[in-house]
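**Q** need a structure here:
(2 chains)
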Amino acid sequence: MVLPGSMDYALAIFDSIQEPPPATYNILIRAFTMKQSPEMAILLYIKMRDNAVEPDKYTFSGILKACSRLRVLKEGEQIHAHISKMGFGFHGFVQNTLIHLYANCGKVDVARRVFDKMQERGVITWNSMFAGYSKRGSWGEVVKLFQEMLELNVEFDEVSLISVLTACGRVGNLELGEWISEYIETKGLVGNLNLITSLVDMYAKCGRVEEARRLFHKMPRRDVVAWSAMISGYNQAGRCREALDLFHEMQIGNVDPNEVTMVSVLSSCAVLGAFETGKWVHFFIKRKRMKITVTLGTALMDFYAKCGSIEDSLEVFHKMSSKNVLSWTVLIKGLASNGQGRRALDFFTQMRKKNIEPNDVTFIGVLSACSHAGLVDEGRRLFVSMSRDYGIEPRIEHYGCMVDILARAGFLEEAYQFVTNMPIERNAIIYRTLLASCRVHKSVEFGEKSLENIVKLEPTHSGDYILLSNIYASVGRWEDASRVRRQMKEKGIKKSPGCTLIEIDGAIHEFLAEHSAHPQSKEIYRAVENMMKRIKSVGYVPDVTEARLDAEEDDKEAAVSHHSEKLAIAFGLINTSPGTTIRISKNLRVCSDCHTATKLISKVYNREIIVRDRNRFHHFKGGSCSCNDYW
DNA sequence: TTAGGGTTAG
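**A** So this is what the prediction gives:
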């Protein structure tokens, strides 16, 4: 049984025994479960009953484990009935395994019933229940149960703490997490590296990344899980460059990453728009023959989609052996943000045909597809359908999408009414969405109304004032435009600096507007100047609104040059040859001026330029752009 | 011959 390979020899011995006693069956049942053939374990149990061999207390924990592994609830329930009939229902080991079985088959409530009926609960009973709730993602229940455990003065152990710390991280319960941390310190449990890993995870997820890092560095040994926890910690804190740096360190440290590690690494590449790095990661995954799990496949898809490489994303999707609602959602959102709204909706239809239930996030993708493709009626229909046909109550994000659909298409009055009649509390983002469309459609009336509302909710956000100011400017009301800018200054509201990331040869460069910290800054500024001169000579007229107002405000001749995006493009032009694709991502929306300029740059310099702002893509090629945003 | 644990995607 303990030898690697098949069970043939063990079976031969078993067959040679005339009347095998229960213990022989038990050992074989356990062995088959261990050796990845739990089906055989179940057959053996049936044989045992057919041969009228009485199961004992050892039999049940073994056979239940086989059911648990196969997730066969029906068989498990039948065995549960045998257990009760034969009077083993109050045996501790059996009960613990029952909890495990039910929890593993998605019946946590039944598991809890077994738990509640138990007269004596050992620490393993509690831990099994923690594991059950964790599997379902009921992290709050884990914390609640642990607090019960403390009140009842039940002894817990390191395994309990690992589960509870994980839960603390998920629900952001730093207070309990720190209490456990101190407990670990005082009880001298720091030698348990799995325990420290869950501490690292807890601190990182509660936003205390520095503390996580400190613990991580103090660990005498770090396995792949510890590294993965820390990398994901950086990733989730939005510190994606540090996540990639740590991945590099991990490789130097000769620890083999697994598919879980790669998910966080890819997610970081996606956030940074690190296309070359991510492609290398994909290659690395192939070379290591890692299993493309649903999660890893979805992370890959998301990475490609967020780098504007939607066809690669589709290829991964088609090759995935199993897909879930997240995979479909990523695809729909990816197509939508890459300007292929129609195609996104086609995939939504396909998804429905395959009986995959969409969830709230899927609808965010579907609605944003409508807004990107200008499909107003389709959007209205889907918005109604989501609650009526799918029982999903729209959240603020869904209302935001709907406002975007209406307003972007020019139905400003209807959009404003829609916001006014919303049954849930409005936030600044809703009005900001409206305001952005007012800028495009030059509507002073609704622009003013929107800003009025925004200021009540979020008075210090600079972009809103700029938008209204630009609306005034776009209709020639320069006095009003300057007044808004003055108000902004008087209130001490500063423009948040534009920030653009560009990756050249695998290295990520960051540009902040009016920031000259880059080692090549002189060369880059010169390139911006040349660039602007050259596209002006072929007919580019800077957006009067931006240029004139910025010049007034900052007394600068070429106000256009202080956009971070232009710095990044110039840097890209310096470092690439004609015909290549330049990919950049920025933290703010692409403004109309940059948009027009980039179109021309793509033509004059013969580069394909892909710009990602927070949630959409602009594919510039040969002087045109794929998006519907500016016209 | 029996039971429980840490890292992952929209």
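
**Q** the helix or strand hosting A:Arg170: which residues count as buried?
**A** Taking DSSP states H and E as the criterion, A:Arg170 maps to helix A:158-171. Neighbour-count burial for helix A:158-171, with 16 or more other CB atoms under 10 Å as criterion, is recorded at A:159-171. Quick note: C-beta positions are derived from backbone N, CA and C, even for glycine.

**Q** and what of stretch A:388-405?
**A** In stretch A:388-405, counting by 16+ other CB under 10 Å, buried: A:Tyr390, A:Ile392, A:Pro394, A:Glu397, A:His398, A:Tyr399, A:Gly400, A:Cys401, A:Met402, A:Val403, A:Asp404, A:Ile405.

**Q** next: stretch A:143-160.
**A** A:Val143, A:Leu145, A:Phe146, A:Met149, A:Phe156, A:Val159, A:Ser160.

**Q** look up how far DNA strand B lies from the fourth one.
**A** So that's A:Met149. Applying CB to the nearest atom of the strand, to the nearest Å, the value for A:Met149 to DNA strand B is 11 Å.

**Q** pretty sure that residue contacts A:Asn127?
**A** No. The criterion here is CB atoms under 8 Å, and A:Met149 misses it with A:Asn127 at 10.0 Å.

**Q** now do the shared contacts for those two.
**A** A:Ser160 (CB atoms under 8 Å, 6 or more residues apart in numbering).

**Q** so what does the helix holding A:Arg170 touch, helix or strand wise?
**A** helix A:123-136, helix A:139-151, helix A:174-186, helix A:193-205 (3 or more CB pairs under 8 Å, 6 or more residues apart in numbering; DSSP states H and E).

**Q** over the second one, what's the mean pLDDT, rounded is fine.
**A** For helix A:139-151, mean pLDDT is 96.

**Q** could I get that helix in CSV with only the CA atoms?
**A** What follows is helix A:139-151, C-alpha atoms only, in CSV (Å, rounded to 0.1, in the frame of the first residue of the first chain):
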residue,chain,number,x,y,z
TRP,A,139,-15.3,34.3,6.4
GLY,A,140,-17.5,36.2,8.8
GLU,A,141,-18.8,32.9,10.2
VAL,A,142,-15.3,31.7,10.9
VAL,A,143,-14.6,34.8,13.0
LYS,A,144,-18.0,34.4,14.8
LEU,A,145,-17.3,30.8,15.5
PHE,A,146,-13.8,31.6,16.9
GLN,A,147,-15.3,34.2,19.2
GLU,A,148,-17.7,31.6,20.4
MET,A,149,-14.8,29.3,21.0
LEU,A,150,-13.1,32.0,23.1
GLU,A,151,-16.2,32.6,25.1
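
**Q** pull the residues that contact that helix.
**A** So helix A:139-151 is contacted by A:126, A:129-130, A:133-134, A:156, A:160, A:163-164, A:166-168, A:170-171, A:173, A:176 (CB under 8 Å, 6+ apart).

**Q** which one among those residues gets closest to A:Leu501?
**A** Nearest to A:Leu501, judged by CB to CB, of the contacts of helix A:139-151 is A:Arg170 at 29.5 Å.

**Q** nearest spatial neighbour of that closest one, skipping sequence neighbours?
**A** Nearest residue to A:Arg170, sequence neighbours excluded (CB to CB, 6 or more residues apart in numbering): A:Trp139, at 4.0 Å.

**Q** now the element after the helix or strand A:Val361 falls within, going C-ward?
**A** Element membership for A:Val361, per DSSP H and E: helix A:360-373. The helix or strand immediately downstream of helix A:360-373 is helix A:376-390, counting by DSSP H and E.

**Q** what's that next one packed up against?
**A** helix A:360-373, helix A:396-408.

**Q** and the angle for that helix with helix A:360-373?
**A** 170 degrees (axes from the mean of the first three to the mean of the last three CA atoms, to 10 degrees).

**Q** what's the strand or helix carrying A:Glu210 in contact with?
**A** Under the criterion of DSSP H and E, A:Glu210 resides in helix A:209-218. With contacts defined as CB under 8 Å, 6+ apart, helix A:209-218 is touched by A:196, A:199-201, A:203-204, A:222, A:226, A:229-230, A:233-234, A:237, A:239.

**Q** got it, and stretch A:381-400?
**A** A:357-360, A:363-364, A:366-367, A:370, A:401-402, A:418-419, A:422, A:424-427, A:429-430, A:433.

**Q** redo that, cut-off 10 Å
**A** A:345, A:348, A:352, A:357-364, A:366-371, A:375, A:401-402, A:405, A:418-419, A:422-427, A:429-434 (CB atoms under 10 Å, 6 or more residues apart in numbering).

**Q** and the buried ones among the residues you listed, selectable in ChimeraX?
**A** Entered in ChimeraX, the line below selects the buried ones among those, by 16+ other CB under 10 Å:
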select /A:345,348,358,361,362,363,364,366,367,368,369,370,371,375,401,402,405,418,419,426,427,429,430,431,432,433,434
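
**Q** which of the contacts of stretch A:381-400 are close to DNA strand B?
**A** A:Asn359, A:Val361, A:Thr362 (CB under 7 Å from any atom of the strand).

**Q** what residues does the stretch 51-200 of chain A have near DNA strand B?
**A** So far as CB under 7 Å from any atom of the strand goes, the stretch 51-200 of chain A lies against DNA strand B at A:56-58, A:61-62, A:65, A:92-94, A:96-97, A:100, A:122-125, A:127-128, A:130-131, A:134, A:157-160, A:162-163, A:166, A:169, A:192-195, A:197-198.

**Q** which of these are buried?
**A** A:58, A:61-62, A:65, A:92, A:94, A:96-97, A:100, A:124-125, A:127-128, A:130-131, A:134, A:159-160, A:162-163, A:166, A:169, A:192, A:195, A:197-198.

**Q** that older thread, what's the closest of the contacts of helix A:139-151 to DNA strand B?
**A** Minimum distance to DNA strand B across the contacts of helix A:139-151 is 3.8 Å, recorded for A:Thr166 (CB to the nearest atom of the strand).

**Q** rewinding a little: quick check: what element follows the helix holding A:Glu210 along the chain?
**A** Counting by DSSP H and E, what follows helix A:209-218 is helix A:224-236.

**Q** ok, back up a step: the helix holding A:Arg170: how far from the chain's middle?
**A** 21 Å (CA atoms, centre = their mean, to the nearest Å).

**Q** mean confidence for it?
**A** 97.

**Q** relative to A:Ala597, how far out is A:Lys533?
**A** Separation of A:Lys533 from A:Ala597 (CB to CB, to the nearest Å) stands at 12 Å.
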